[in-house]
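A.B. asks: heads up, no residue letters with this:
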Ligand code: NAP
C-alpha cells in the first residue's frame, strides 16, 4: 500500500506561504501583476483562464485579463502583447493556448521576453534549464519537483523514467530530474520494450494523455509514481494515465487524479510570477 502524495494540500500550503510573500513584496516594492491573454472562445481555455485569475486573487497578485475575439488578426494580438511587454505593472505574461488557427503562435510567444515568460516555455528559459542555470521552469514539472521535495523523495542516484516527451511536460521534467542527479530515461510512442523500461524506474513520471495506460506490471515494487495525465475514463470520469487502483498496491508513493499534480500547476504559475517580480 502506498503513501498518497496530496497535491491539493501542498498547493494550499504553498499558496498560503505565497500570500505572505506577495503581501510583503507589495509593502516594500508595490503590486505584482500577471497579464492573462485569452484569444477566442475555446470553452476549456475559458475555464483555465478563470481559474488562473481566481488563483491570483487568492494570493494577492493583480491579474490583468484580456480577451480578444476568435477572428482577431495577428496585428491585433501583436499590438496587445507588445503593450504588455512594455508595461511596468506586468511582471508575467500568460497567453492561453491553443490559439485560433489564423494566428502565428510561435511568433506571438517569441514576443514575450524570458523575464516575463512565467510559463517557462521560451527557448532561453528552456536552454537555461538544460544548462542547469537560473531560469523560469515550466509549471507542471516544477510542481512535480516540489511534490517530491515535500515528501522527502530525493532523485539523486535514482533511476527515473519519464513517459512522454512534450515540450511543456516530458522534456522539462526529464531535465529537472537530471539536474537533481537522477539517471533519466525519456520514453515516447516509438519506445521499444516500454513495459520493461518503465518497470526499471525508481521514479516514474507519466505524461502521455492515455487513460489508465500504466498498469501494475509496468511498475517496480516500491516505485514512486507521478501521474500528470488528465483524462476521462469509459464513464467520462476524470482519471490519470495510471491505473491508480492497481498501481497503488505496488508503489511506495503515488499521486491521485484528481488532487495530485493538477492543483500544483496553477500554484507554480503564481510562484513563477512572484519569482519574475522579485528578479526584476
Ligand atoms: P502531448 O503533448 O500530447 O504529449 C504526449 C506524449 O506522450 C508524447 O511525447 C507522445 O509520444 C507520448 N505518448 C502518447 N501515447 C503514447 C504511448 N502509447 N506510449 C508511449 N508514449 C506515448 O501531451 P502533454 O501536453 O505532455 O500532456 C500529457 C498529459 O498530461 C495529458 O493528459 C494532459 O492533459 C496532462 N497535463 C496535465 C497537466 C496538469 O496540470 N495536471 C498539465 C499539462 C498536461 P510522441 O512524442 O512519440 O508522440
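C.D. replies: Sure, I can see it. Source: prediction; values computed, not measured. Numbering: from 1, shown residues only.
A.B. asks: residue 168: neighbour count?
C.D. replies: Residue 168 has 17 neighbouring residues, counting by other Cβ atoms under 10 Å. Glycine gets a C-beta too; all of them are placed from N, C-alpha and C.
A.B. asks: mind checking the SS state of it?
C.D. replies: coil (DSSP: H, G, I helix; E, B strand; the rest coil).
A.B. asks: what's near enough to touch it?
C.D. replies: By Cβ atoms under 8 Å, 6 or more residues apart in numbering, the contact list for residue 168 reads 119, 121, 138, 140.
A.B. asks: farthest-apart pair in those residues, please.
C.D. replies: Pairwise distances across these peak at 11.3 Å for 121 and 140 (criterion: Cβ to Cβ).
A.B. asks: between these two, point out the one with more neighbours.
C.D. replies: residue 140 (24 against 19).
A.B. asks: which secondary structure element is home to the more buried one?
C.D. replies: Residue 140 is part of helix 139-150, with elements assigned from DSSP states H and E.
A.B. asks: is that helix positioned near the ligand?
C.D. replies: Yes: under the criterion of Cβ under 6 Å from any ligand atom, the ligand is reached by helix 139-150 at residue 140.
A.B. asks: thought residue 267 was touching residue 143?
C.D. replies: Yes: Residue 267 lies in contact with residue 143 (Cβ atoms under 8 Å); the separation is 6.6 Å.
A.B. asks: between these two, which one's more packed in?
C.D. replies: More neighbours surround residue 143 than the other of residue 267 and residue 143, with 27 against 24 (other Cβ under 10 Å).
A.B. asks: my read is that that one contacts residue 270, right?
C.D. replies: No: contact between residue 143 and residue 270 fails when scored by Cβ under 8 Å: they sit 11.0 Å apart.
A.B. asks: any idea which residue sits dead centre in the protein?
C.D. replies: The chain has residue 140 as the residue nearest its centroid, 1.7 Å off, counting by Cα atoms, centre = their mean.
A.B. asks: that one and residue 72, how far apart?
C.D. replies: Remark: distance between residue 140 and residue 72 (Cβ to Cβ, to the nearest Å) = 27 Å.
A.B. asks: same check, this time on residue 108
C.D. replies: Taking Cβ to Cβ, one finds residue 108 at 11 Å from residue 72.
A.B. asks: and what of residue 89?
C.D. replies: Distance from residue 89 to residue 72, counting by Cβ to Cβ: 23 Å.
A.B. asks: on that earlier part again, so which elements touch the helix holding residue 140?
C.D. replies: helix 7-29, helix 170-179, strand 224-227, helix 261-279 (3 or more Cβ pairs under 8 Å, 6 or more residues apart in numbering; DSSP states H and E).
A.B. asks: most tightly surrounded among the ones you listed?
C.D. replies: Comparing these by mean neighbour count (mean count of other Cβ atoms under 10 Å), strand 224-227 comes out on top with a mean of 29.
A.B. asks: what lines up beside that one in the sheet?
C.D. replies: strand 203-206 (parallel), strand 253-254 (parallel) (DSSP bridges).
A.B. asks: next to the ligand, which bits of the protein? Give me the list.
C.D. replies: Residues of the chain lying near the ligand (Cβ under 6 Å from any ligand atom): 140, 163-166, 168-170, 187-191, 194, 207-210, 228-231, 261-262, 265.
A.B. asks: beta-bridge partners for residue 214, please?
C.D. replies: Assigned bridge partners for residue 214, using DSSP bridges, are residue 242.
A.B. asks: in the stretch 1-150 of the chain, which residue sits nearest the ligand?
C.D. replies: Closest to the ligand within the stretch 1-150 of the chain is residue 140: 4.1 Å, counting by Cβ to the nearest ligand atom.
A.B. asks: wait, that residue sits on residue 265?
C.D. replies: Yes: Residue 140 lies in contact with residue 265 (Cβ under 8 Å); the separation is 4.8 Å.
A.B. asks: give me the neighbour count for residue 193.
C.D. replies: Residues lying near residue 193 (other Cβ under 10 Å) number 10.
A.B. asks: scratch that, residue 251
C.D. replies: Neighbours of residue 251 (other Cβ under 10 Å): 25.
A.B. asks: can you check residue 166 too?
C.D. replies: Neighbours of residue 166 (other Cβ under 10 Å): 16.
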